[in-house]
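**Student:** quick one, what's the 3D model for this:
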Amino acid sequence: MRPPKRPAPRAALLPDGRRLHLQDGPIDLVIEANGSAEAVEAAYLAAVDRLTGLLDGLCAELPLLRAPFTADGPIPRDPVGRRMYDAVKPLAASGFLTPMAAVAGAVAEAVLAAMVAAAPLTRAYVNNGGDIALALSPGTSFAIGLVDRPDKPSLFARSHIQAADPVRGIATSGRHGRSFSLGIADAVTVLAETAADADAAATVIANAVDLPDHPAIRRIAARELQPDSDLGDRLVTESVGRLDPAEIDLALTRGLAVADRLAREGLITAAALHLAGATKTTGAMALAAA
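**Tutor:** Residues are numbered from 1 along each chain as shown. Just a heads-up that it's a prediction; the model follows:
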């Protein structure tokens, strides 16, 4: 017997009257579309329709999506699950990874694709907890603000994505985010061709910002914090004590080496890595002081 379908997502315009808030279980989206009033309305209706049942499709294959990626393993049948699988595939050699590393970005992509297909929009975005899928028509742009601690947001730099840029996805990962991290980065922000690609790459880079066996770093099995975590018994970072400047630089340099490689391979466009107030960047990310 199949489990009953979930109710339709909760949908409401935010107080600014422009952005749409959609929520279904752990999926929490903030959406904005630009265009004629009719086009925006059609796009928002399409977003609600696409999110309806999306979580059911992922839950139906959850054991597979939580399993470590293997090149010869089964491929998800759900289209969003397949997008997650495809996003982590080129990163599998970087270490332990499951398709869940791309879930937020893949969900944002799916909802945005439905919006764009439903109506002619000049610009649109779907923000899934900081992982963002973009649609930009010629001549438009998107401004982003970078924070070094998502749990204590403080804008330290800005960047502009132009329609001509090869970027339609933004994602941030690190130990202060919604998911667990194997590394110690406060935040790693990645710009890539798609949101799912950015999501998976940010996870890999954040994991690489690390100081293994450092006494100031407390780690705990992911399963102890969340029994159904896809990380299982792997140790995730719970807290980071005081680090001296040389140690901070070393940890960031390790992450930057991975980011540089992904940029050379064309898997990301740019990345900014943050730890304890220090930042390193790679790729074509033009940063301006906030």
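**Student:** does residue 147 really touch residue 187, like I thought?
**Tutor:** Yes. Look at residue 147 against residue 187 with CB atoms under 8 Å: they come within range, at 6.6 Å. Backbone N, C-alpha and C define where each C-beta goes, glycine included.
**Student:** who's more crowded, these two?
**Tutor:** Each of residue 147 and residue 187 has its neighbours counted (other CB atoms under 10 Å); residue 187 has more, 26 against 20.
**Student:** skipping its backbone neighbours, what lies nearest that one in space?
**Tutor:** residue 174 (4.1 Å; CB to CB, 6 or more residues apart in numbering).
**Student:** for the one you found, what are phi and psi?
**Tutor:** phi 150, psi 180 (degrees, to the nearest 10).
**Student:** what's the end-to-end length of stretch 258-278?
**Tutor:** Terminal residues of stretch 258-278 lie 17 Å apart, using CA to CA, to the nearest Å.
**Student:** how close does residue 232 get to residue 238?
**Tutor:** 16 Å (CB to CB, to the nearest Å).
**Student:** quick check: residue 202 vs residue 158, distance?
**Tutor:** 18 Å.
**Student:** who has more neighbours out of these two?
**Tutor:** Shown here are residue 202 and residue 158; by other CB under 10 Å, residue 202 has more neighbours (35 against 14).
**Student:** thought residue 189 was touching that one, still the case?
**Tutor:** Yes. With contact defined as CB under 8 Å, residue 202 reaches residue 189; the gap is 7.0 Å.
**Student:** anything in contact with each of these two?
**Tutor:** Common contacts of residue 202 and residue 189 (CB atoms under 8 Å, 6 or more residues apart in numbering): 171-172, 271.
**Student:** which of these has the most neighbours?
**Tutor:** residue 171 (33 neighbours).
**Student:** wait, a strand at that residue?
**Tutor:** Yes. Assessed with DSSP: H, G, I helix; E, B strand; the rest coil, residue 171 lies in a strand.
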